[in-house]
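Okay, structure incoming, though there's no sequence with it:
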């Protein structure tokens, strides 16, 4: 029973950051307009990965609880998406 709760908790963390990431990717695209080399879906994928990365880094550095859907967590997701979108644009346009 305990293992299934841990698995569910782990999966829910990733799913919640993915949902955050979809929204964060859209906001990152709005903040950083322009032509993306991969289009809309790649931008959304970058948003998801950026949100997960931002959540992971904030958990390690700030002891942030990724189970907590909060404004701070949302800002972390947007920041992660912006950073990855910036890096992706620099790498993909060369």
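Great, that's in hand. Given the structure is predicted, the values throughout are model-derived calculations rather than measurements.

make it CA atoms for all contacts and neighbour counts henceforth
Noted.

Could you check how far residue 38 is from residue 4?
Using CA to CA, to the nearest Å, one obtains 37 Å as the distance from residue 38 to residue 4.

So if I had to pick from the two, which one is more boxed in?
residue 38 (13 against 9; other CA atoms under 10 Å).

separation between that one and residue 92?
Distance from residue 38 to residue 92, by CA to CA: 9 Å.

What of residue 2?
According to CA to CA, residue 2 and residue 92 sit 44 Å apart.

List the buried residues for the host helix or strand of residue 55?
Using DSSP states H and E, residue 55 sits in helix 39-62. The neighbour-count check on helix 39-62 (16 or more other CA atoms under 10 Å) flags 43-56, 58 as buried.

Can you name the element that comes right after it?
Past helix 39-62, the next helix or strand by DSSP H and E is helix 71-92.

Now the helix holding residue 55: average pLDDT?
Averaging pLDDT along helix 39-62 gives 76.

now do the same end-to-end measure for stretch 31-39.
16 Å.

Can you give the distance from it to the centre of its chain?
17 Å (CA atoms, centre = their mean, to the nearest Å).

Could you check how far the residue positioned nearest the centre of the chain is from residue 2?
Centroid check for the chain by CA atoms, centre = their mean gives residue 51 as the closest residue, at 1.2 Å. According to CA to CA, residue 51 and residue 2 sit 28 Å apart.

now swap in residue 93 and tell me
Using CA to CA, residue 93 is found at 48 Å from residue 2.

which residues of the protein score low on pLDDT?
In the predicted model, the chain carries pLDDT under 70 at residues 1, 36-37, 64-70, 94.
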